[in-house]
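Trainee: after the sequence you'll find the predicted model.
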Amino acid sequence: MKQATARKNVLSVNMMTKVALLAAAAGVLMLLEFPLWFAPPFYKLDLSELPVLIGALSLGPAAGAIIELIKILINFVLNGTITGGVGEAANFIIGCSFVLPVAFIYQRQHHRQGLIVGFVCGIVSMCIIGALVNGLILLPVYATVFSMPIEGLIAMGTMVNNHIVDLFTFVLWAVVPFNLVKGCILSLLTFFLYKRLSSSLKK
């Protein structure tokens, strides 16, 4: 009984250590961001979901959600917030909308094809959820924070893409392609890195 309890405690500490390390790596990567040519400059790409996704595949979907949450909290502490936490909550939802479908599918189809199916589903999920969250929550909140009508944000989109003329086309031509590119990059990186890193994480 004591041995079982001791082993459980060791596994718990081991899991928490892995989660903390992956969350720290994600927090650092979240600071390294760059714009994409087809989206307004306030949309910047970072690769912070990479450690989250690797953690979710190696340690399970629940661990992935926890890593995502800690990553957001780290960024909150380092950078603060201009949206009263709304932007951070939205980022958590969008991040989980990509990571969790991949992890759940790979957990049930534990092979390369399952991983690819998971990536496709995760990308589609992030594009849909990202479009809804941006259109219904983030863009109106940013317009309020920066004290400008939402037409001002749309105009910034028009400057980089003349197909953007209203909120719907902003989401269609900026938000969806942004998440599509992000999802594809993260999927490719994870596909090539996961097997190399997973054995260490599972020890």
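Mentor: Happy to help now that I have it.

Trainee: Ile72 versus the residue most central in space within the chain, what's the distance?
Mentor: In the chain, the centroid-proximal residue (CA atoms, centre = their mean) is Gly95; its distance is 2.8 Å. Here Gly95 is placed at a distance of 8 Å from Ile72 (CB to CB, to the nearest Å). All C-beta atoms are positioned from the backbone trio N, CA, C, and that covers glycine.

Trainee: residues contacting the residue nearest to the centre of the chain?
Mentor: Ser48, Glu49, Val52, Glu68, Lys71, Ile72 (CB atoms under 8 Å, 6 or more residues apart in numbering).

Trainee: in helices, which of those fall?
Mentor: Glu49, Val52, Glu68, Lys71, Ile72 (DSSP state H).

Trainee: and the residues you listed, which two are furthest apart?
Mentor: Greatest spatial distance among those (CB to CB): Glu49 and Ile72, at 11.3 Å.

Trainee: those two: who's more crowded?
Mentor: Neighbour count, other CB atoms under 10 Å: between Glu49 and Ile72, Glu49 has more, with 30 against 23.

Trainee: excluding chain neighbours, what is closest to the more buried one?
Mentor: Spatial nearest neighbour of Glu49, chain neighbours left out: Leu186 (5.3 Å); criterion: CB to CB, 6 or more residues apart in numbering.

Trainee: who touches that neighbour in this structure?
Mentor: Leu186 touches Leu47, Glu49, Leu50, Leu53, Phe98, counting by CB under 8 Å, 6+ apart.

Trainee: and Pro61, by the same measure?
Mentor: Val99, Leu100, Ala103, Phe104, Gln107.
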